[in-house]
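1. This is the structure alone, sequence omitted:
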């Protein structure tokens, strides 16, 4: 015995609810993947920042050492001039210049020690985070792989089920399908059963006249929430 249009409509509703469950699972997986992506990007950015700090402090060390080398070269030239000087005044002047350069070197040595310490500290922090971050990233990528597999499986399942939907609409009154489509675009449960003369969706009272229509296998629209109501067939 073929099923009634009402039973076919109920079957379609239940079928669509199964699709919605799959869609919700897909949405949840996509949210998890987005969260994992954010976590992975955070670890990558932290590593990049630490690495950039190592590079920046190394450049500062190189700059200070270059300046120290240039000061050494200046002293060497001044000493060469000092060896060839003949006048006392010129000797005193060159000696004073050499002393001034040495003072610059002394001041520079303190800065050089400071930048070397900063560089070594940056290097240790980077190396300490490197292994830990790589472990976190590897774990995240394994989780991403598993979630992508689940997502592919669910998408394939959804595609296969969606192909069956047109067939399930056969012999259902077009008016029902049109109202259902309008409500389905607004809420996730556009069709609910009438339970004890009340709408199962919002508990609004169903009049005797409407209950009579439901008993004759007609659809009624709830006057409160506007969901489509049906009377479940007796088992």
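-> Looks like it came in fine. What you see is a predicted model; the values in this text were computed from it and never measured. Numbers count the residues shown, from 1 in each chain.
2. which residues are in contact with stretch 209-228?
-> By Cβ atoms under 8 Å, 6 or more residues apart in numbering, the residues outside stretch 209-228 that reach it are 4-6, 9, 176, 179-180, 183, 187, 189-192, 194, 197, 199, 201-202, 204, 206, 229-231. Heads up, the C-betas are built off the backbone N, CA and C, glycines and all.
3. and if we set it to 7 Å?
-> 4, 6, 176, 179-180, 183, 190-192, 194, 197, 199, 201-202, 204, 229-231 (Cβ atoms under 7 Å, 6 or more residues apart in numbering).
4. Break the chain down into its domains, please.
-> Following the assignment in automatic domain parsing, the chain carries domains at 20-168, 174-230.
5. All the strands of this structure, residue numbers only.
-> For the chain, applying DSSP state E gives strands covering 191-193, 220-221, 228-230.
6. gap between the residue nearest to residue 151 when sequence neighbours are not counted and residue 159?
-> The shortest distance from residue 151 to any non-neighbouring residue, by Cβ to Cβ, 6 or more residues apart in numbering, is to residue 29 (4.8 Å). Distance, residue 29 to residue 159, using Cβ to Cβ, to the nearest Å: 16 Å.
7. again, but for residue 186
-> Distance of residue 186 to residue 159, given as Cβ to Cβ: 25 Å.
8. quick revisit: what's the PyMOL syntax to select whichever of the contacts of stretch 209-228 are buried?
-> Burial among the contacts of stretch 209-228 is assessed by 16 or more other Cβ atoms under 10 Å; the matching PyMOL selection reads:
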select buried, resi 6+176+179+180+183+190+191+192+194+199+201+229+230+231
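9. Inside helices: which ones of the contacts of stretch 209-228?
-> 6, 176, 179-180, 183 (DSSP state H).
10. Adding pLDDT and distance to residue 211, write those out as TSV.
-> As requested, the ones in helices among the contacts of stretch 209-228 are exported to TSV (pLDDT from 0 to 100; distance: Cβ to Cβ, whole Å):
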residue	pLDDT	distance to residue 211
6	86	15
176	90	18
179	89	19
180	90	21
183	88	20
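11. Relative to residue 134, which of these is nearest.
-> Set against residue 134, the nearest of those by Cβ to Cβ is residue 183 (51.3 Å).
12. Verify the contact between that closest one and residue 189 for me.
-> No - contact criterion Cβ atoms under 7 Å: residue 183 and residue 189 do not qualify, at 9.1 Å.
13. my guess is residue 194 contacts residue 229, does it?
-> Yes - applying Cβ under 7 Å, one finds residue 194 in contact with residue 229, separated by 4.9 Å.
14. Between the two, which contacts overlap?
-> The contact sets of residue 194 and residue 229 overlap at 206, 214 (Cβ under 7 Å, 6+ apart).
15. in this structure, what spans have low per-residue confidence?
-> 1-2, 234-235 (pLDDT under 70).
16. make it 80
-> 1-2, 233-235 (pLDDT under 80).
17. all helices of it, in order?
-> For the chain, the helices defined by DSSP H occupy 5-84, 88-162, 165-168, 174-184, 208-215.
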